[in-house]
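> Generate a structure from the sequence data that follows.
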Amino acid sequence: MAAGAKALETFVRDGMTIGLGSGSTSHAFVRALGERVRNGLTVTGVPTSTPTRDLARSLGIALLDIDEVDTLDITFDGADEVDPRGDMIKGGGGCHLWEKIVASASKRMVALIDPSKRVATLGRFPVPVEVVTFGWKQTSRHLLTLFAELGYGAPAIGLRGGAAKPFVTDSGHYILDCRLEQIADAARLAARLSQIPGVVEHGLFIGVATELSVGHPDGTAEIMAVPRRSARRL
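Residues are numbered from 1 along each chain as shown. Below is the predicted model:
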C-alpha cells in the first residue's frame, strides 16, 4: 500500500522501537518492514494484536511486549475514519484497546489511510465499544441512555458476531458497535463513554495521531501533519 511505503520511507530509522498496528493496511506495512529488516534494517516492533505479532515473527522482525518498553519512537496503524482535526474512529478489526495502549506510549503515531477514510465528521462508521462480558446487556442499556442524553436518539447497538457466537477480543472482551451516523462532539463523547461501568475502551482516538500518510490509487502518497491543537490529547 502506498501509504505504508511512504511512511516507512519517511519515518523509520535504524534502532527504532516501532508500534505495529493491526488490520490489512497495517499488515501491508509490517510486510514491507519485514523486507527492510531482511535487507539489514535493525528495529524492534511492539505488536497491537496476536495476528500482528504472529505476522511480524514470521517475517523475522524482533519483538517486545508493551510492558518491556518505556516509550516507543513511533506507531503505524490504520484508521476507519479520520476527520479534519486528525481524530479517528478505529476498531473495525476489534483491536482498538491494544492499539490505543501502544499509541499512547509512542512519541508519534502515523495513521495509514486512503482518501476514502477522510470524512468531514466522524460517525458513519460504527463506534466500537469494548466491554467486559459480565453484564454486557446492562452496559448496552447505559450506552443507549448516554446517547439519548447527548442527542443521538436511539441508535442501533449491535453485539459484534451476534449473541450465538460473539466476537471476543485478545483481552477476552465483547464489542458493541454503535451506529451514531454523525458525531457532533467526538471529544465529549469519548470522555463520557469512558465513564460507563463495563466499558473497557472505545474506538474514538482523540488527538492520538500526529501525522497521516495518505495513499492514493495511482500509487502516490503524501504525509500530512495533524493540527497541533489536536495532537496527543488522550
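> can you tell me which residues contact Gly135?
Contacts for Gly135 (CB atoms under 8 Å, 6 or more residues apart in numbering) come out as Gly198. Where C-beta positions appear, they are placed from N, C-alpha and C, glycine not excepted.
> Distance check, it against Gly198.
6 Å (CB to CB, to the nearest Å).
> What of Pro126?
To Gly198, Pro126 is 18 Å away according to CB to CB.
> got it, and Ala190?
16 Å.
> for the most centrally placed residue in the chain, phi and psi?
A centroid search over the chain (CA atoms, centre = their mean) returns Lys90, at 4.1 Å, as the residue closest to the centre. Per-residue torsions, Lys90: phi -130, psi 160 (degrees, to the nearest 10).
> Kindly report the same for the one 3 residues further on.
Note on Gly93: its backbone torsions stand at phi -100, psi 0 [degrees, to the nearest 10].
> Could I get the pLDDT score of it?
Gly93 carries a pLDDT value of 95.
> Then Phe205?
Reported pLDDT at Phe205 in the predicted model: 98.
> Burial check on it, number of neighbours?
30 (other CB atoms under 10 Å).
> which residues touch it?
Ala79, Asp87, Met88, Ile89, Lys90, His96, Lys100, Ala103.
> Test my guess that the first one contacts Ile113.
Put plainly, it is Ala79. Yes: with contact defined as CB atoms under 8 Å, Ala79 counts as touching Ile113 (5.4 Å).
> quick one, which of these two is more surrounded?
Between Ala79 and Ile113, Ala79 has the larger neighbour count (other CB under 10 Å), namely 28 against 25.
> SS state for the nearest residue to Ala184 once chain neighbours are set aside?
In space, and not counting its chain neighbours, Ala184 is closest to Gly151: 7.0 Å by CB to CB, 6 or more residues apart in numbering. When classified by DSSP: H, G, I helix; E, B strand; the rest coil, Gly151 comes out as coil.
> Return the per-residue confidence for Gly151.
Predicted confidence (pLDDT) for Gly151: 96.
> same deal with the one 10 residues further on?
Taken from the predicted model, the pLDDT recorded for Gly161 is 98.
> Chain neighbours aside, what residue packs nearest to it?
With sequence-adjacent residues excluded and distances taken as CB to CB, 6+ apart, Gly161 is closest to Phe167, at 3.7 Å.
> from memory that neighbour sits against Ile175, does it?
Yes: here Phe167 reaches Ile175: they are 5.9 Å apart, a contact under CB under 8 Å.
> where does the residue nearest to Asp114 when sequence neighbours are not counted fall, phi/psi-wise?
In this structure, Asp114 finds its nearest non-sequential neighbour in Gly215, 5.3 Å apart by CB to CB, 6+ apart. The phi and psi values for Gly215, taken as degrees, to the nearest 10, are phi -100, psi 140.
> show me what contacts Gly215?
Taking CB under 8 Å, 6+ apart, we find Gly215 in contact with Met1, Ala2, Ala3, Gly4, Ala5, Lys6, Leu112, Ile113, Asp114, Ala221.
> Go ahead and name everything in contact with the one helix or strand the fifth one maps to.
With the criterion set as DSSP states H and E, the secondary-structure element containing Ala5 is helix 2-11. Residues lying outside helix 2-11 but in contact with it, judged by CB under 8 Å, 6+ apart, are 25-26, 28-29, 32-33, 36, 74, 76, 108, 110, 112-114, 211, 213-216, 219-223.
> how about 6 Å then?
Contact with helix 2-11 is made by Ala28, Phe29, Ala32, Ile74, Phe76, Val110, Leu112, Ser213, Gly215, Gly219, Ala221, Ile223, as judged by CB atoms under 6 Å, 6 or more residues apart in numbering.
> The fourth one: how many residues sit nearby?
The number of residues packed near Ile74 is 20, by other CB under 10 Å.
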